[in-house]
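Visitor: Just to be clear, the model below is a prediction. Sequence and coordinates:
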Amino acid sequence: MPTERIAFTGHDGNELAARLDLPEGPVLATALFAHCFTCSKDIPAARRIAARLAAMGIAVLRFDFTGLGHSEGEFANTTFTSNVEDLVAAARYLVGRDMAPDLLIGHSLGGAAVLRARAEIPSVRAVATLNAPFDPSHVTHHFSEALPRIHEDGAAEVTLAGRPFRIGRDFVRDISETALRPAIEKLDAALLVMHAPGDETVGIDNATRIFTAARHPKSFVTLDDADHLITRAGDAEYAAGVIAAWVARYADLSPPAPPPGAPEGIVRVTEADPAGFLQDIQSGPRHHLLADEPPAYGGTDRGMSPYGFLAAGLGACTSMTIRMYARRKGWPLEHVSVDVSHDKVHAQDAGPGTPPGKVDRFDRVIRIDGALDAEQRARLLEIADRCPVHRTLEASSHVVTRLED
């Protein structure tokens, strides 16, 4: 996906660093992502969700709040309210580019921030939270031992996730005075609450309270055994897939008509886990699959192998071709199933006229049910060989490859 590195003016005039992840094709909708407390726009969960949505045609703006990551400003001078104001400033930037946000996504404290910010971003139709607190003051348990010093001195340095941060008195006071219930009750947008039951940082009861306070339409999806930061690739992929499927009900993701001669459009395959072989496959805005290798070959077996997809294409095309022919003839075909297996065989085993060496062999077993006579069954077997994918595999194909400039 193409990514623009941009900057926009935050709540207090400082420049905030951001990434705008764009679809390869037209922008069908826009999302705004708010990261977790003291995190950044580049955490794995944010990157994965942005990539998944961009593959669907949804642009995603993710940015570093004031004083964090690559953004200007002093974190010690920020508050929960200033985070909300930064979100509104980000939305204003998108409006200026004619990309007013349709979707808000917030992780942890960022989830609380998007719930609060929704009222000031009228274009939003849907809000998704991940492991978000119902009570923003929940974050003070990270530095509870420093609270007396913060109240007495006005600020204190604390260590969070191994990094030093200076927390100010205004931040503590602001989150202690913030109540999210009124904002949730008046959300006026579809809500998706996602939470890990075993989250030890923000307990699952927070999700229950958010969900209970909200009006319909609302949805609750568990993140099972994910950790608070959703660091595992599989958990981030799951969250991304759920958000992508859910938001399609609230945002018009209808793509423009594909060009003549390429009705399927582009199938994009993107590496999802550089440590293994997991691949993210996107075919148009609505169809998403995973490809992988089995553990014996260094993969994690979270998707079909490339040859598995090839066999699936042959099997699907065979079944469809048989069904179309029987339907046209008015024959009583009740059901079709096709088993396909793939192997490399020596040329002499593949049949006469095959060049020497090893060739690919696909074994296909077709089952057809219905009150069909022997002649009809034999004809359907002949028709199976006319399926377009079968013909493609038996003919010599030409693959043209180039490096993108």
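Guide: Perfect, I can see it now.

Visitor: Just the pLDDT for the residue nearest to the spatial centre of the chain.
Guide: The residue lying closest to the centre of the chain (Cα atoms, centre = their mean) is Ala240, at 2.7 Å. You'll see Ala240 listed with a pLDDT of 87.

Visitor: And it, which helix or strand is it part of?
Guide: Per DSSP states H and E, Ala240 falls inside helix 233-247.

Visitor: quick one: buried residues of that helix?
Guide: Neighbour counts using 16 or more other Cβ atoms under 10 Å place 233-244, 246-247 of helix 233-247 among the buried residues. Just so you know, the C-beta spots here come from the backbone N, C-alpha and C atoms, and that holds for glycine as well.

Visitor: Following the chain past that helix, name the next helix or strand.
Guide: Next along from helix 233-247, by DSSP H and E: strand 267-271.

Visitor: Show me the shaky parts of the protein.
Guide: 1, 161-162, 255-265, 284-286, 345-358, 397, 399-401, 403-405 (pLDDT under 70).

Visitor: For the one helix or strand Val389 maps to, list every residue counted as buried.
Guide: Using DSSP H and E, Val389 sits in helix 388-394. Of the residues in helix 388-394, Val389, His390 count as buried by neighbour count, 16+ other Cβ under 10 Å.

Visitor: and that helix, what other elements does it pack with?
Guide: helix 306-329 (3 or more Cβ pairs under 8 Å, 6 or more residues apart in numbering; DSSP states H and E).

Visitor: Sheet-wise, list the partners of the helix or strand following the helix it packs on with their directions.
Guide: Moving toward the C-terminus from helix 306-329, the next helix or strand (DSSP H and E) is strand 333-346. Its sheet considered, strand 333-346 pairs with strand 358-370 (antiparallel) by DSSP bridges.

Visitor: Can you give me the buried ones in the partner strand?
Guide: Quick answer for strand 358-370 (16+ other Cβ under 10 Å): Val359, Phe362, Arg364, Ile366, Ile368.

Visitor: One more: stretch 166-181?
Guide: Ile167, Gly168, Arg169, Asp170, Phe171, Val172, Asp174, Ile175, Thr178, Leu180.

Visitor: Quick check: the closest residue to Tyr297 other than its chain neighbours vs Asp363, distance?
Guide: Distances taken as Cβ to Cβ, 6 or more residues apart in numbering put Phe277 closest to Tyr297, at 7.6 Å, once the chain neighbours are dropped. Computed with Cβ to Cβ, to the nearest Å, the distance linking Phe277 and Asp363 is 25 Å.

Visitor: Pro122 too?
Guide: Distance from Pro122 to Asp363, by Cβ to Cβ: 59 Å.

Visitor: Ok, Arg116 next?
Guide: Distance from Arg116 to Asp363, by Cβ to Cβ: 59 Å.

Visitor: How about Ile6, nearest residue that isn't a chain neighbour?
Guide: In space, Ile6 is closest to Ala18, 5.1 Å off (Cβ to Cβ, 6+ apart).

Visitor: Kindly apply the preceding question to Phe309 instead.
Guide: Phe309 sits nearest to Ala291 (Cβ to Cβ, 6+ apart), 6.5 Å away.

Visitor: For that neighbour, list each beta-bridge partner.
Guide: Gln279, Met304.

Visitor: still on that earlier bit, work out for me the element the residue nearest to Ile6 sits within.
Guide: Going by DSSP H and E, Ala18 is in strand 15-21.

Visitor: Look at Arg173 and give its secondary structure.
Guide: helix (DSSP: H, G, I helix; E, B strand; the rest coil).

Visitor: quick revisit: SS state for the residue nearest to Tyr297?
Guide: Applying three-state DSSP: Phe277 is coil.

Visitor: Surely it and Gly299 touch.
Guide: Yes - between Phe277 and Gly299 there is a contact at 4.5 Å, judged by Cβ atoms under 8 Å.

Visitor: Pick out whichever of these two has more residues nearby.
Guide: Phe277 (21 against 18; other Cβ atoms under 10 Å).

Visitor: Any idea how many residues pack against the nearest residue to the residue nearest to the centre of the chain once chain neighbours are set aside?
Guide: Distance criterion Cβ to Cβ, 6+ apart; nearest residue to Ala240, sequence neighbours excluded, is Arg52 at 3.6 Å. Using other Cβ under 10 Å, the number of residues around Arg52 comes to 27.

Visitor: tell me the phi and psi of Arg52?
Guide: The phi and psi values for Arg52, taken as degrees, to the nearest 10, are phi -70, psi -40.

Visitor: still on that earlier bit, if you tally nearby residues, what's the number for the residue nearest to Ile6?
Guide: What Ala18 shows, counting by other Cβ under 10 Å, is a neighbour count of 22.
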